[in-house]
Structure formats: structure tokens, C-alpha cells
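**Student:** Sequence first, predicted coordinates after that:
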Amino acid sequence: MIVAAVFVVGAFGFYFQAAQPSVETDSAASERVGQAEVNLSDEELLEKFEKALSIIHEQYVDEITEQQLYEGAIEGMLRTLDDPYSVYMDQETATQFVESLGSHFEGIGAEVSMTDGKVTIVAPFRESPAEKAGLQPNDKIIEIDGESIEGLSLYEAVLQIRGEKGTTVRLTIERAGQNELFEIPVERGVIPIETVRADIIERDGHKLGLLEITSFSEDTADRFKEQLEELESEGIDGLLIDVRGNPGGYLNAVEDIGKLLIPGGTPIVQIENRQGEKIRYMSNLDERKPYPIIGLTDRASASASEILSAALIEGGGYDVVGEQTFGKGTVQQTIQLGDGSELKLSLFRWLTSAGNDINGEGVMPTVEVKQPDYFYTAPLSIGDEGALRLDMMSDQIRNAQTMLKGIGYEPGRVDGYFNEQTKQAVTAFQRANDLNATGEIDEETASMIQQRTVDSVREQENDLQLQTAIKLMLEQINE
């Protein structure tokens, strides 16, 4: 199975010290360094490994099984690669990984990776519990249910985050631009993987097809083809393809979708192995589509999403509107180890249609557009200090000010200082929503501001990226 997805399970190594206490002299240290520079044969290295395994198993202060040590050794080998996408998955984790690319699973609905030693949100799935709770790309999870996860592998952290539908997990989050940690409760649910959604937007007498791809799973290409044919039967004048928040998936899925869109004889993507040998995946589309196509991306569009976005720009000559993408330019293959466990190993780099390497860089849209500031706010919460009020200053007040401004209540400032104009904006909001007009943000008011913000974000008319793409498409239709 070849995947171009973001899914990481962390690795751990082990540390060994001689059983007898000792003080190392400078000369002894020099001798050790000299020994470390000796190149050992494969047989000598294996003997060294088995000796370390035996010593740890027999002498370590706590009981530890050989299976734990062998699995830790595998994870340690992968850790030396310094590649967050090459991971060892035991049987349980391998099953979860397959489920995440299937039709549904239970959890919060977010892709995660290990970045700078911290469990990091790559992207919450669209309309998932994670998205509804307010998790955002690049949020770092510091605690789970009040317990620090420092030192845990990603595998161990993921097991704590996932759980049965209806249960709640509390995640303590570190977010760029926020000085304080804050907690987000997320109620777990069944995460349906309906990977393609279709809609028609009617504007100025034209029908614009909209296809949203939430991930590239087993049946995504088939579903995309079905939905595209249905839109075309409706007589669309243009096509919008939205891969915002899409963390990736199967390479063959994005290849098959590319063949439906990119003119024939053009590479959709190229993959390169360690020897520098390249395979080009070509489109065989007979005729260019008779309507304009525009893609939509954001910073959470990763991997297979980036392949499609780059193919639209470089292979199709189409526009892409939005933000610079995540920047994952490697392809993994899962390799079974015989007992239900698997290695997911980076075997290739993928290059764009024109041969560009985007790993760590991302794909730049042809038309760069950010969403309004309130789209990026953290969830509002009221801490132990109680309601937010006049003359207080905090990140939560800054969040509230940004939200209020975004939904039409001018707070006068958005720097976190609760001034008189902010109080007036809060009072006006409370009156408009049948709340007690105190001018202070208590839990009830905070919850309502949060809900009104979410409602506003979900309105297509407030989606600047989508509206920009629609305007651009109408210009192209009328050329």
C-alpha cells in the first residue's frame, strides 16, 4: 500500500549504562571516542546488539520483555532517520491506520504528527469533532485530560486521544500567537470518511460546480468521477476543487483524479527513489475540459492534496486560490512484518509536474488569499479568574475581541485589553442574543460568541478564499 498521507507514530530509543557505578577519566573518554570511530562488520554489530539486548533484559531495574526491547529497537532505527513519516506500527496501530483511510472510525477526526518533540495537529477533518471544537493546524497538544504527555511517543499519545464515541477528551493546547495554554474539550464521535462532496453555486447566470475532497481514500477517485459526471450533466460552466484541510491519502487516488483533469501527455506527479531514478505518472485525458478549473488550498492541505494542487498549476495551467500548503513531499509504503505489525517507510520523494521538490516548502497558490482573522481564533474559555471584564487583559480577551469584530460588533481594539468600547460591544452582543446585558464575558456569553463565530465561518459568503475563487472564475468564463 503506497500512501502520501500525514500519519505519524513516534519512536523511542533506550539508554544503557554499565551495571557498576564508575567515574570516567579524560583518558578513558578519549579511548571510548577512538573505539566509536572503528567500523565494525555486520557480524560484529549484530553481536554488539545482542549483547546490549541481553544486558538490558537481564539487568535493568524493572521487568521488561524481549518483545518490548525488539520493538523499541525497530523504533530506534526509524528514529535515526529523522523522518516523522517513517514509523513502526504494531498490530493495533496498523489497524487504526487502515481504518483512518477506510469508510469510518471513532475518535476526534484529526491528523497528527510529531513536530519538534510535540504532538501537533496537521489538520482537523472537515465537520469533525476536532474542527467543531476549534482545533487548528499546527496546534500543539501539551496535555491530555490534564496529564502532561511530554516524553510520550506519538503512538502512545494517539491511543489516549482516540476513544469511543460519546466520550470526551480534554486537550491542553499551545498555539502560535497565544501567550497562554488553553484547554479544548472534544467529544469523540464516529468519523465518517465521505471523501467527496459536490455542490452547485449559481452566480450571475452561471453554474459553478464545487467538489470538496476531504481525503484521498480507497474509493475517492471513483466518487470524484461519479460526482464530476453528475455536475457535468447539470451543465456547469466552471469547476472549483477544494482540498483545504485535506491531509492526504493514497497516491493512486490522486493520480486517478489527475487523469480526469490534467491534459493528456502531461505528468501529474513524478516520484524519485534514492538512486535519483524517476517515474512519471502521466495523464491520458483526451481533451482539455471545456470549462475553467480553479483549486482551493490552505496551510492544512498536505501531501496528496499538494500533488493535485501542483498538477493543476503546472500541468493544467489552472489557478489555485488560498494559502501556501503544508509541505510534505515524500511517499510512504506500508510493509508487513508478518505478525500484523507494519513499517510505514518513506521510499520516494514526489516531485511536481514540472519536477519541483516542495518538501518543507509547500505549494504556493497562484492567487494568495488569507481568511478573515476571526477564522483563526482559539476557542473562548473562562478560567478560574471568572468573567472577562473592564480593565482586564489576556489572550482570551483578544480572542473575544477578534470574534466580536468578525461577527459585526466593533470592540475598538484587538490587543487583549478590555476597554470601554469592548464592554459596549459585549453589551450589544448580549442584548442581540437575549443574554443578561452585563458587559462582561461570562461562560454563557463566551459560549454564544463562540457559536455565532462558528456559524459565521460556515457561511459561504464569509469565505474570502471561496469568494475570490468564484470572482476569478466568473472573469475567466466571461473572457
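**Tutor:** Right, received. Where do you want to start? Keep in mind the model is a prediction, meaning the values are calculated, not measured.

**Student:** Check the secondary structure at the residue most central in space within the chain for me.
**Tutor:** For the chain, V122 is the residue whose C-alpha lies nearest the centre (Cα atoms, centre = their mean; 2.1 Å). Three-state assignment for V122 (DSSP: H, G, I helix; E, B strand; the rest coil): strand.

**Student:** isn't it right up against V112?
**Tutor:** Yes. Here V122 lies in contact with V112, judged by Cβ atoms under 8 Å, at a distance of 6.2 Å. All C-beta atoms are positioned from the backbone trio N, CA, C, and that covers glycine.

**Student:** Outline the domain layout of the chain.
**Tutor:** 104-192, 196-372, 386-457 (automatic domain parsing).

**Student:** Helix, strand, or coil at Y88?
**Tutor:** strand.

**Student:** And the helices in the stretch 51-200 of the chain, which stretches?
**Tutor:** Using DSSP state H, counting those that start in this stretch, the helices of the stretch 51-200 of the chain run over 66-79, 91-100, 129-133, 154-161.

**Student:** Could you tell me the least trusted of the ones you listed?
**Tutor:** The stretch with the lowest average pLDDT out of the helices of the stretch 51-200 of the chain is helix 91-100, scoring a mean of 74.

**Student:** need the strands for the stretch 201-350 of the chain, in chain order.
**Tutor:** 206-213, 238-242, 248-250, 267-272, 278-282, 293-297, 319-322, 330-336, 342-351 (DSSP state E, counting those that start in this stretch).

**Student:** The ones you listed into CSV, with extra columns for distance to P185, mean neighbour count and mean pLDDT?
**Tutor:** CSV is the format used below for the strands of the stretch 201-350 of the chain (distance: least, Cβ to Cβ, whole Å; neighbours: other Cβ atoms under 10 Å; pLDDT from 0 to 100):
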stretch, distance to P185, mean neighbour count, mean pLDDT
strand 206-213, 27, 21, 98
strand 238-242, 29, 24, 99
strand 248-250, 27, 27, 89
strand 267-272, 40, 22, 97
strand 278-282, 43, 16, 96
strand 293-297, 30, 27, 99
strand 319-322, 30, 25, 99
strand 330-336, 32, 17, 92
strand 342-351, 31, 20, 94
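
**Student:** what about those strands, which gets the closest to L171?
**Tutor:** strand 248-250 (22.4 Å; Cβ to Cβ).

**Student:** tell me the contacts of the residue lying closest to N436 once chain neighbours are set aside?
**Tutor:** Closest residue to N436 apart from its sequence neighbours, by Cβ to Cβ, 6 or more residues apart in numbering: Q430 at 6.6 Å. Going by Cβ atoms under 8 Å, 6 or more residues apart in numbering, Q430 touches N436, A437, T438, G439, T445.

**Student:** What pLDDT is listed against the second one?
**Tutor:** Same thing as A437. So, for A437, pLDDT stands at 97.

**Student:** Distance check, it against K405.
**Tutor:** 19 Å (Cβ to Cβ, to the nearest Å).

**Student:** of those two, who's got more company?
**Tutor:** K405 (19 against 15; other Cβ atoms under 10 Å).

**Student:** Quick check: which ranges of the protein have low pLDDT?
**Tutor:** Along the chain, segments meeting pLDDT under 70 span 1-38, 99-104, 193.

**Student:** Return the most buried member of the domains of the chain.
**Tutor:** domain 196-372 (a mean of 20; mean count of other Cβ atoms under 10 Å).

**Student:** quick revisit: between the strands of the stretch 201-350 of the chain, which one is nearest to L380?
**Tutor:** strand 319-322 (26.2 Å).

**Student:** Mind listing residues that contact that closest one?
**Tutor:** 244, 294-298, 301, 309, 312-313, 363, 365-369, 465, 468-469, 472, 476.
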